[in-house]
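**Q** Attaching a predicted model along with its sequence, questions to come.
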Amino acid sequence: LQQVLGAKLPSKSMRHVLDQVVPSCMKAVKDVGGKSTIDETTGGRQLQVEQTATELNALYTIKQLLAHSPIIRAAAKSGSLELHAAVLDSSTGKVDFVGQHPLVAELLARD
């Protein structure tokens, strides 16, 4: 939207990062929809979307690691490695653990 209004396009490397994050953001917007557990305001919904998108992106990263790294996949399949998503709150330094991917067994069963 910002680019439609005349803003400069992000750099090529930033566009690559954004391409990776967009699926999580779109799902977060869909999941949160018009509801918010934080507040009934637009700002509250925005915070909920941001939090949900961040958590979904952390889980998506686990999915990508299992799909594209034979070493990580083999270690996870053997049980010698568990992957847990976590999100850092940069304002407090607190780390919130999201946990393992809910479909980890199915992801590991794929060949």
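**A** Looks like it arrived, so ask away.

**Q** Quick one, grab the pLDDT at the residue nearest to Leu108 when sequence neighbours are not counted.
**A** In space, Leu108 comes closest to Lys77 once its chain neighbours are excluded; the distance is 5.2 Å by C-beta to C-beta, 6 or more residues apart in numbering. (C-beta placed from N, C-alpha, C; glycine too.) Lys77 carries a pLDDT value of 96.

**Q** cool, Arg15 as well?
**A** Arg15 is given a pLDDT of 82.

**Q** again, but for Leu5
**A** You'll see Leu5 listed with a pLDDT of 59.

**Q** mind listing the helices for the protein?
**A** Along the chain, the stretches classed as helices by DSSP state H are 12-32, 42-68, 70-78, 104-109.

**Q** that older thread, from Gln51, how far off is the residue nearest to Leu108?
**A** Here Lys77 is placed at a distance of 31 Å from Gln51 (C-beta to C-beta, to the nearest Å).
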